[in-house]
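Trainee: please find the sequence and the predicted model below.
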Amino acid sequence: MTTGKAITKAVIPAAGLGTRFLPATKAMPKEMLPVVDRPAIQYVVEEAIDAGLTDLLMITGRNKRSLEDHFDREPGLESALEKKGDKDRLAAIEHASELGPIHYVRQGEAKGLGHAVLCAKKHVGAEPFAVLLGDDLIDEAETLLSRMIEVQEKTGGSVIALIEVDPSQISAYGCADITSVEGEDYVRVHSLVEKPAVGEAPSNLAVIGRYVLNPSVFGVLEATEPGRGGEIQLTDALQTLAVGDGEGAGVYGVIFKGRRFDTGDKLSYLKAVITLASERVEFGEDLKTWLKDFVS
């Protein structure tokens with residue numbers, strides 16, 4: 001079903017409850033937790049824009065209004081900053097509101113990632129599209145998503161991002177059974193297993209939150225029964241596409257070796273804040289000096 005048109009659409013599921021960060025996320029979406037001075041979700045939106053995706057759809061839920069507010073104009077605040085001559089902060093908030101267009105659809109019920117992606121069917125239509133999960137923060141210097149788009153355009157199938165993890169940690173991830181593709185830097189995915197037991201995993205390649213999908217995934221998701229946790233799993237739909245044939249079938253993987261943080265995990269979130277803050281021109285050197293003293 002690939003159209004040959006450039007991929008322009010991105011779907012960003014952001015309807016999760018953020019229970020791992022309670023009580024901080026009781027009244028604030030986890031996606032709005034700050035990573036230095038930008039909410040985590042803004043890094044994801046900027047990654048999509050940098051990869052050439054210009055039509056963004058965010059899948060939200062109840063109590064997520066602040067996501068829309070963040071990417072909207074705030075004339076009162078802008079006027080106040082302009083009167084104060086605070087050009088840097090004014091530019092920062094204007095930048096966030098100029099990233100769009102961003103569209104919003106409510107998931108309604110928390111039925112899993114597969115259901116969240118299915119909520120995008122009407123907006124996406126019959127075009128290949130990207131899915132970016134808000135918990136994965138990819139270093140802005142990396143070109144993972146752009147490479148995945150290239151692989152999708154070349155193969156016509158669906159593409160997932162993979163990282164190597166310690167075999168003892170694979171049970172926390174979806175896991176891929178792969179073979180190499182001669183002469184290429186991507187791999188063919190033969191099967192996917194959601195959170196396999198240690199010792200039963202087909203590899204140590206874990207699926208992370210970046211996908212570029214053929215629109216045939218929508219039909220598969222509609223026919224996918226709830227799986228683990230009573231939810232419709234995107235992994236199950238991709239497994240069907242991986243073993244299928246015909247137009248839109250086939251799943252491929254790009255193995256990512258760059259810098260990535262899981263902002264849904266407390267320790268990884270703190271590492272992201274410290275790492276990115278230490279690279280800031282304004283205060284990075286002072287922070288690193290303080291860290292050395294603190295650790296010693």
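Mentor: Here it is on my side, so go on.

Trainee: OK, contacts around residue 229?
Mentor: Contacts for residue 229 (Cβ atoms under 8 Å, 6 or more residues apart in numbering) come out as residue 112. For the C-beta atoms, the positions are set from N, CA and C on the backbone; glycine is no exception.

Trainee: I'd assumed it was in a helix, is it?
Mentor: Yes. Counting by DSSP: H, G, I helix; E, B strand; the rest coil, residue 229 is part of a helix.

Trainee: tell me the domain ranges of the chain?
Mentor: Domains of the chain are assigned by automatic domain parsing as 9-264, 265-296.

Trainee: now, of those, which is deepest in the fold?
Mentor: Ranked by mean neighbour count under mean count of other Cβ atoms under 10 Å, these are led by domain 9-264, which reaches a mean of 18.

Trainee: centre of the chain to that domain, how far?
Mentor: The chain centre lies 2 Å from the centre of domain 9-264; the measure is Cα atoms, centre = their mean, to the nearest Å.

Trainee: quick check: end-to-end length of that domain?
Mentor: 24 Å (Cα to Cα, to the nearest Å).

Trainee: could you give the mean pLDDT of that domain?
Mentor: In this model, domain 9-264 has a mean pLDDT of 91.

Trainee: can you map out the helices along the stretch 1-150 of the chain?
Mentor: If DSSP state H, counting those that start in this stretch is used as the criterion, the helices of the stretch 1-150 of the chain fall at 40-50, 65-70, 75-84, 87-97, 113-118, 121-124, 144-155.

Trainee: turn these into TSV, including distance to residue 134.
Mentor: Listed next are these as TSV, based on distance: least, Cβ to Cβ, whole Å:
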stretch	distance to residue 134
helix 40-50	5
helix 65-70	9
helix 75-84	24
helix 87-97	15
helix 113-118	11
helix 121-124	18
helix 144-155	14
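
Trainee: residue 197: which of the ones you listed is closest?
Mentor: Between residue 197 and these, the tightest spacing by Cβ to Cβ is seen for helix 113-118, at 21.1 Å.

Trainee: contacts for that closest one?
Mentor: Helix 113-118 is touched from outside by 11, 13, 15, 59, 107, 109, 131, 133, 213, 217-218, 221-222, 224, 231-237, with contacts defined as Cβ under 8 Å, 6+ apart.

Trainee: next one: stretch 163-171
Mentor: Counting by Cβ under 8 Å, 6+ apart, 173, 195-198, 201, 204-206, 208, 255-257, 260 sit against stretch 163-171.

Trainee: find the pair from those residues with maximum spatial separation.
Mentor: By the measure Cβ to Cβ, 197 and 257 form the most distant pair in those, at 26.0 Å.

Trainee: let's see which of the contacts of stretch 163-171 end up in strands.
Mentor: Those of the contacts of stretch 163-171 mapping onto strands are 205, 206, 208, 255, 260, per DSSP state E.

Trainee: return the member of the residues you listed nearest to residue 95.
Mentor: Nearest to residue 95, judged by Cβ to Cβ, of the ones in strands among the contacts of stretch 163-171 is residue 260 at 23.2 Å.

Trainee: distance to residue 113 added to the ones in strands among the contacts of stretch 163-171, as JSON lines?
Mentor: Converted to JSON lines, the ones in strands among the contacts of stretch 163-171 look like this (distance: Cβ to Cβ, whole Å):
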{"residue": "205", "distance to residue 113": "19"}
{"residue": "206", "distance to residue 113": "15"}
{"residue": "208", "distance to residue 113": "13"}
{"residue": "255", "distance to residue 113": "21"}
{"residue": "260", "distance to residue 113": "18"}
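
Trainee: out of those, who's nearest residue 53?
Mentor: Among those, and counting by Cβ to Cβ, the member closest to residue 53 is residue 208, at 17.7 Å.

Trainee: which one is residue 179 nearest to, not counting chain neighbours?
Mentor: residue 188 (5.3 Å; Cβ to Cβ, 6 or more residues apart in numbering).

Trainee: is the one you found in contact with residue 182, as I believe?
Mentor: No. Counting by Cβ atoms under 8 Å, residue 182 is not a contact partner of residue 188; they are 10.3 Å apart.

Trainee: show me the contacts for residue 132.
Mentor: Taking Cβ under 8 Å, 6+ apart, one finds 10, 11, 12, 44, 47, 48, 145, 209, 210 in contact with residue 132.
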